[in-house]
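Peer 1: build me a structure from this.
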Amino acid sequence: MTLSRRMFLGGAAGVAALGLTGVGVASPQRAFALDPDGMESKMLFGDAQAGAASIPKESGNGNYHSCRIPAILAIPGTGVVIAVVEGRPDGVADASGNINLLMRRSTDSGLTWSVATTIAGAGAGGWTNPTLVHDRTTGRVTCFTLRRQEGAEYNVEPDVYVLTSDNNGATWTSPVARTDLNRNAGNDFIGPGNGIQRVDGTLVVPARGRLITKAPGGDWSNVSIPGGFLKAADGHGLPYGEGTVAERSDGQLILNYRALDAEIKNGGTFPNTRRIAIGNPGSWQQFGSEYWRTQIIDPGAHAAQISHTINGNPFLIHLNSASQQDDNRYQMKLRASADNGETWPNAYERFLSTDPLASEGNQVGDLREGGYSALTSTGSGIVLALVEARRVQDANPTIGQLNDYPCAVVLRRFDPSWLVPAS
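Peer 2: Model (predicted):
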């Protein structure tokens, strides 16, 4: 089911190679064409009302009610792209029940895709927060996930698990518990979305209150981040929620996290903004209200962030809902920074709604794009994004109503020139 107003274009026509998958890491892959304006969309994981794009349940008794929480990873030096989401069989809510991890895989840089398969689904409870990372040295792909209880106990100390693939996602191991990586303090988050591999080979995965890192030849371990294990002033929760990490061109990490609700909602200290830190373990710098937090507004949701080279120059690309209304996740904006995130100029930002889905709207059966997202660079210059899209159940719904509607996940493919005009 194609959602853009134009069909995907294949064939030999391509675009110039513009991108890298990480700082200084070349990925010569086959380029492929985009439609004239450089932005296309396609439903990748459908909700139960998505017709042919719906995802059947393994038991054969209907389709998944909703798909949420996307992760996407292009494997350097190949045309393989792996997309993973949470399949929620019976409802859209976090506590809806037996949540599974569903995967679709492309071998042509995101042009065509396999059918959805289940990579984690055994037993009752939820497999949640998929977070993908690739080791270019060993070729191994790791998917971090959390194992959560069902129902009211959903947020009680979920455990960290890992799945691995040594054949570019064609097959996966069963999930393996890594309780040594647990946060052990109430609700936990890994990612979701992506980890990265640094220029020195270290793997880095964002998690609540910490990073999970792996040095070349070593094993995974927790590394603290500034204030990550401190409680808020009211004694509840932690200041870091779901987050992203990228390596800047100067070699420093940039952490971009969903802040604590008490900070950003209902007149909090930093209303409708994100929590940012740069640096390296042991030498972090956090920014205050006059700097990062006012440049990237946020309604209290997950975002996506990657490093990407455009026309030979390093950029950061960021995607989230640029709304100052609590929980309004439906104003998705792409931004780019040419100076490692010091500034985010208006010239390098565009709302996804400027190229709306063909079925975008406010009437019953339409989609409202927005919510959690994930980004990856194919290495051919093209960027891929996964974005949640809610299925409208009542005409002209309020923001609150949308939260309870079935959810699908849409693929966006775009040339960076859609966001960063050629100079």
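
Peer 1: just checking: what are the partner strands of the helix or strand hosting residue 388?
Peer 2: Taking DSSP states H and E as the definition, residue 388 sits inside strand 383-391. Looking at strand 383-391 with DSSP bridges, its partner strands are strand 367-377 (antiparallel), strand 407-414 (antiparallel).

Peer 1: out of everything not next to it in sequence, what's closest to residue 98?
Peer 2: residue 124 (5.6 Å; C-beta to C-beta, 6 or more residues apart in numbering). Quick note: C-beta positions are derived from backbone N, CA and C, even for glycine.

Peer 1: circling back: which parts of the strand holding residue 388 are buried?
Peer 2: Using 16 or more other C-beta atoms under 10 Å as the test for burial, strand 383-391 gives 383, 384, 385, 386, 387, 388, 389, 390, 391.

Peer 1: just checking, next helix/strand downstream of that strand?
Peer 2: helix 399-402.

Peer 1: which residues in the stretch 201-350 of the chain form strands?
Peer 2: Taking DSSP state E, counting those that start in this stretch, the strands of the stretch 201-350 of the chain run over residues 203-207, 210-214, 221-224, 240-247, 253-259, 275-280, 283-286, 304-310, 313-321, 332-337, 349-351.

Peer 1: dump these into JSON lines; add mean neighbour count, mean pLDDT and distance to residue 109 as well.
Peer 2: Converted to JSON lines, the strands of the stretch 201-350 of the chain look like this (neighbours: other C-beta atoms under 10 Å; pLDDT from 0 to 100; distance: least, C-beta to C-beta, whole Å):
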{"stretch": "strand 203-207", "mean neighbour count": "25", "mean pLDDT": "96", "distance to residue 109": "23"}
{"stretch": "strand 210-214", "mean neighbour count": "21", "mean pLDDT": "95", "distance to residue 109": "27"}
{"stretch": "strand 221-224", "mean neighbour count": "14", "mean pLDDT": "92", "distance to residue 109": "33"}
{"stretch": "strand 240-247", "mean neighbour count": "25", "mean pLDDT": "90", "distance to residue 109": "21"}
{"stretch": "strand 253-259", "mean neighbour count": "23", "mean pLDDT": "89", "distance to residue 109": "26"}
{"stretch": "strand 275-280", "mean neighbour count": "20", "mean pLDDT": "88", "distance to residue 109": "31"}
{"stretch": "strand 283-286", "mean neighbour count": "13", "mean pLDDT": "79", "distance to residue 109": "35"}
{"stretch": "strand 304-310", "mean neighbour count": "25", "mean pLDDT": "95", "distance to residue 109": "15"}
{"stretch": "strand 313-321", "mean neighbour count": "23", "mean pLDDT": "96", "distance to residue 109": "17"}
{"stretch": "strand 332-337", "mean neighbour count": "23", "mean pLDDT": "97", "distance to residue 109": "19"}
{"stretch": "strand 349-351", "mean neighbour count": "16", "mean pLDDT": "97", "distance to residue 109": "22"}
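
Peer 1: could you verify my assumption that residue 160 touches residue 146?
Peer 2: Yes. Residue 160 sits in contact with residue 146 when judged by C-beta atoms under 8 Å, with a separation of 6.4 Å.

Peer 1: if I look at those two, which residues touch both of them?
Peer 2: Common neighbours of residue 160 and residue 146 (criterion: C-beta atoms under 8 Å, 6 or more residues apart in numbering): 188, 190.

Peer 1: circling back to that earlier point, of the strands paired with strand 383-391, which approaches residue 139 most closely?
Peer 2: strand 367-377 (17.1 Å; C-beta to C-beta).

Peer 1: and the angle from that closest one to strand 332-337?
Peer 2: 30 degrees (axes from the mean of the first three to the mean of the last three C-alpha atoms, to 10 degrees).

Peer 1: give me the beta-bridge partners of the nearest residue to residue 171 once chain neighbours are set aside?
Peer 2: Distances taken as C-beta to C-beta, 6+ apart place residue 165 nearest to residue 171, at 6.3 Å, with adjacent residues excluded. Residue 165 has the following beta-bridge partners by DSSP bridges: residue 141.

Peer 1: and residue 165, how many residues sit next to it?
Peer 2: By other C-beta atoms under 10 Å, the residues close to residue 165 number 22.

Peer 1: ok, residue 363 next?
Peer 2: 11.

Peer 1: excluding its backbone neighbours, what's nearest it?
Peer 2: Per C-beta to C-beta, 6+ apart, closest to residue 363 is residue 395, 5.3 Å.

Peer 1: now residue 398: how far from residue 329?
Peer 2: 13 Å (C-beta to C-beta, to the nearest Å).

Peer 1: give the contact list for the residue nearest in space to the middle of the chain.
Peer 2: Taking C-alpha atoms, centre = their mean as the criterion, residue 374 is the residue nearest the geometric centre of the chain, at 2.4 Å. Contacts for residue 374 (C-beta under 8 Å, 6+ apart) come out as 70, 71, 72, 192, 193, 194, 304, 385, 386.
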